[in-house]
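Asker: Next input, structure requested:
(2 chains)
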Amino acid sequence: DTGVSQDPRHKITKRGQNVTFRCDPISEHNRLYWYRQTLGQGPEFLTYFQNEAQLEKSRLLSDRFSAERPKGSFSTLEIQRTEQGDSAMYLCASNTAGELPDTQYFGPGTRLTVL
Amino acid sequence: GEDVEQSLFLSVREGDSSVINCTYTDSSSTYLYWYKQEPGAGLQLLTYIFSNMDMKQDQRLTVLLNKKDKHLSLRIADTQTGDSAIYFCAESLIENTDKLIFGTGTRLQVFP
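Answerer: Residues are numbered from 1 along each chain as shown, chains lettered A, B, ... in the order given. As a prediction, the model looks like this:
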């Protein structure tokens, strides 16, 4: 399977703990995106990378959130001092810059529950 | 501003056609997408349409785009129980193709 993969699929944590999620994009894609989806809503953009450069961050991405893509391949999203409001599905997507259509291919998501 | 709206729920009988509607506010869309999400899963791309097209057909799926009214629809012919899921429309914008703007999703329930 050469699709986008995410790990873990589910994470339960206590408020105040730190969590880290990983995304492996489709191998030939140079862009990688993170979205957050809360219950009953559509996904909302958080941030994206082109290769290893983080090019845009949404205002949804508070100081407690940090994302990296150190070698331009996989990415990690860390949430520090988790709050109950962070409970959501975190989705990763990838595509190739400049290709049209600019279709983004999504992974299965990581569901975070903060108790 | 950017806003994409969908009706929340649609219920159809197996074998009938389903029509899922979407309206958007930004006229600078480049591509408009339909994604399907099954319970607990990620988003599966179903189809897309370029903003200068009016219609696109792909097997059981037909996408209609009315640019004047900023209205997009997805018709599923011969709806099956396996089509039960949440359907999201999404747009990418001319000035910012770096993110997708999603609607709130329409839950399609297919009953026998």
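
Asker: Grab the nearest non-local neighbour of the residue of chain B found nearest chain A.
Answerer: Relative to chain A, the nearest point of chain B is B:Phe102 (3.3 Å; C-beta to the nearest C-beta). The C-beta positions use only the backbone N, C-alpha and C, and glycine is treated the same way. Distances taken as C-beta to C-beta, 6 or more residues apart in numbering or on different chains put A:Gly42 closest to B:Phe102, at 3.3 Å, once the chain neighbours are dropped.

Asker: so that neighbour makes contact with B:Gly105?
Answerer: Yes - taking contacts as C-beta atoms under 8 Å, A:Gly42 lies within contact range of B:Gly105: 5.4 Å.

Asker: any shared contact partners between the two?
Answerer: Residues touching both A:Gly42 and B:Gly105 (C-beta atoms under 8 Å, 6 or more residues apart in numbering or on different chains) are B:Phe88.

Asker: who in chain A is up against chain B?
Answerer: Proximity of chain A to chain B (C-beta under 8 Å from any C-beta of the partner chain) is limited to residues A:4, A:6, A:31, A:33, A:35, A:40-45, A:48, A:55-56, A:91, A:93, A:100-109, A:111.

Asker: Which pLDDT value belongs to the most centrally placed residue in chain A?
Answerer: Most central in chain A under C-alpha atoms, centre = their mean is A:Trp34, positioned 3.2 Å from the mean C-alpha point. Per-residue pLDDT puts A:Trp34 at 97.

Asker: element containing it, please.
Answerer: Here A:Trp34 sits within strand A:31-37, counting by DSSP states H and E.

Asker: got a list of contacts for that strand?
Answerer: Residues contacting strand A:31-37 (C-beta under 8 Å, 6+ apart): A:23, A:25, A:43-50, A:60, A:67, A:69, A:75, A:77, A:88-97, A:104, A:109, B:98-100.

Asker: Can you identify each of the strands in chain B by residue range?
Answerer: Secondary structure of chain B (DSSP state E): strands at B:4-6, B:9-13, B:18-24, B:29-37, B:43-50, B:55-58, B:61-66, B:71-76, B:85-93, B:96-102, B:106-111.

Asker: how about the fourth one, does it reach chain A?
Answerer: Yes - for strand B:29-37 and chain A, the contact criterion (C-beta under 8 Å from any C-beta) is met by B:30-31, B:33, B:35.

Asker: which one of the residues you listed is nearest A:Glu83?
Answerer: B:Tyr35 (28.1 Å; C-beta to C-beta).

Asker: how long is stretch B:68-78 from one end to the other?
Answerer: Start to finish, the residues bounding stretch B:68-78 are 29 Å apart (C-alpha to C-alpha, to the nearest Å).

Asker: Other residues contacting it?
Answerer: Under the criterion C-beta under 8 Å, 6+ apart, residues B:15, B:17-25, B:27, B:32, B:34, B:46-47, B:49, B:60-66, B:83, B:87, B:89, B:108 lie in contact with stretch B:68-78.
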